[in-house]
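> sequence unavailable; structure follows:
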């Protein structure tokens, strides 16, 4: 018997990569647990928002930052990419096409219109102000579709670097958190009923957790409408990402590297999960377990994305991105409110 590999044998690269990821994965999992505890202590703070915020805070501490960029980097990179995509696939199990159809064609049409107009307006403004690289399309995805999850999905599709995703994630977290306080304050002055308020929140707030935190102040009827409208926006993640990937594929000119997939594999998985939830009666225990896994994966991924944000650099160079983000936040809220009032 031998205690190790035979002399002269090559080490297993896959085993080495896996071992290298363990420290970062452990930190990301611990951060997800801390975010969950924060959410339990302060229910108004969505778990995923807490995870992003924790990553941002930790990344500003110099001693910790050195670890984030060193031994923890492989595991955090794996979390921000692979775990994020797995979480988005499981997110599809929250969506039933029957629930969305129950909204009625007018609500569905106006929700789609809000997403498309917000995306186009934000993308155009981001390019006009000269945001670098893929930042315009990432900010547009986050504000128009479903927050940080959409940024990660779009980033994967267009092959954005982690540092390109950092500023959009910070912006969508900031504005989504502001929405939790601002929108309820405008509920009664705008003369909205509880279901109308829920519709407004679902169509105008970014992450699902932020939608729940904002809409619950108006009761269960508002919350039910908000979640279904929000998930209708989430469903648009698939076609928007597929279109962006197709555009990026046409733009790719580096013959030495592979072109982006026409439809990313995780988007196919997301759609398959939606169809599974719609047409197959799944037991409640399975949906509950999948929701727990999905939330954990996204919390780990969003902590990792938050940990790539450097606030000093953002303050110094990110004023244009801040203008785009705040303008997009006002735009989506105004369009969503208009859709509610017209409906």
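Structure's in. What do you need? Only a predicted model underlies this, so the values are computations on that prediction, with no experimental measurement involved. Numbering: from 1, shown residues only.
> what's the local residue count around the nearest residue to residue 111 once chain neighbours are set aside?
Leaving out its chain neighbours, the residue that sits closest to residue 111 by CB to CB, 6 or more residues apart in numbering is residue 232, at 5.1 Å. Quick note: C-beta positions are derived from backbone N, CA and C, even for glycine. Residues near residue 232, counting by other CB atoms under 10 Å, number 22.
> tell me the centre residue of the protein?
The centroid of the chain falls nearest to residue 149 when counting by CA atoms, centre = their mean (1.4 Å).
> who touches that residue in this structure?
48, 84, 87-88, 91, 207, 237, 298, 302 (CB atoms under 8 Å, 6 or more residues apart in numbering).
> helix or strand with the lowest mean pLDDT in this structure?
helix 311-317 (a mean of 69; mean pLDDT, DSSP states H and E).
> contact partners of the next helix or strand after that helix?
The helix or strand immediately downstream of helix 311-317 is helix 319-342, counting by DSSP states H and E. The contact list for helix 319-342, computed with CB under 8 Å, 6+ apart, reads 110-111, 113-114, 117-118, 121-122, 125-126, 129-131, 135-136, 139-140, 143-144, 167-168, 171-172, 174-175, 178-179, 183, 190, 192, 196, 199-200, 203-204, 314.
> rerun at 6 Å
The contact list for helix 319-342 (CB atoms under 6 Å, 6 or more residues apart in numbering) reads 110, 114, 117-118, 121-122, 125-126, 129, 131, 139, 143, 167, 171, 175, 196, 199-200, 203-204.
> next one: stretch 32-40
45, 47, 50-51, 54, 296, 299-300.
> so which of those wins on neighbours?
The residue in these with the most neighbours, by other CB under 10 Å, is residue 51 (33 neighbours).
> in the stretch 101-250 of the chain, where is pLDDT below threshold?
Within the stretch 101-250 of the chain, the segments meeting pLDDT under 70 span 248-249.
> so for the host helix or strand of the residue nearest to residue 111, what gets flagged as buried?
Assessed by DSSP H and E, residue 232 sits inside helix 220-235. Across helix 220-235, burial judged by 16 or more other CB atoms under 10 Å covers 222-223, 225-235.
> closest one to residue 250 out of those residues, please.
Nearest to residue 250 among the buried residues of helix 220-235: residue 235, at 24.9 Å, using CB to CB.
> who touches that closest one in this structure?
Residue 235 sits next to residue 95 when contact means CB under 6 Å, 6+ apart.
> relative to residue 41, how far out is it?
32 Å (CB to CB, to the nearest Å).
> near residue 318, how many other residues are there?
For residue 318, the tally of surrounding residues (other CB under 10 Å) stands at 21.
> can you check residue 159 too?
14.
> any chance of the backbone angles for it?
Dihedral pair for residue 159: phi 60, psi 40, per degrees, to the nearest 10.
> one step back: just the buried ones from the contacts of helix 319-342, in PyMOL syntax?
Remark: buried members of those, expressed as a PyMOL selection using 16+ other CB under 10 Å:
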select buried, resi 110+114+118+121+122+125+126+131+139+143+167+171+175+196+199+200+203+204
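> now do the contacts for residue 274.
Counted by CB under 6 Å, 6+ apart, residue 274 has contacts 92, 95.
> same question for the helix or strand in which it is found, mean pLDDT?
Using DSSP H and E, residue 274 sits in helix 265-279. Averaging pLDDT along helix 265-279 gives 87.
> immediately after that helix, which helix or strand?
helix 284-306.
> next, the buried residues of that next one.
For helix 284-306, by 16+ other CB under 10 Å, it's 290, 294-306.
> could the residues you listed go into JSON lines alongside distance to residue 155?
Converted to JSON lines, those look like this (distance: CB to CB, whole Å):
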{"residue": "290", "distance to residue 155": "24"}
{"residue": "294", "distance to residue 155": "18"}
{"residue": "295", "distance to residue 155": "20"}
{"residue": "296", "distance to residue 155": "20"}
{"residue": "297", "distance to residue 155": "16"}
{"residue": "298", "distance to residue 155": "14"}
{"residue": "299", "distance to residue 155": "17"}
{"residue": "300", "distance to residue 155": "16"}
{"residue": "301", "distance to residue 155": "11"}
{"residue": "302", "distance to residue 155": "12"}
{"residue": "303", "distance to residue 155": "16"}
{"residue": "304", "distance to residue 155": "12"}
{"residue": "305", "distance to residue 155": "9"}
{"residue": "306", "distance to residue 155": "14"}
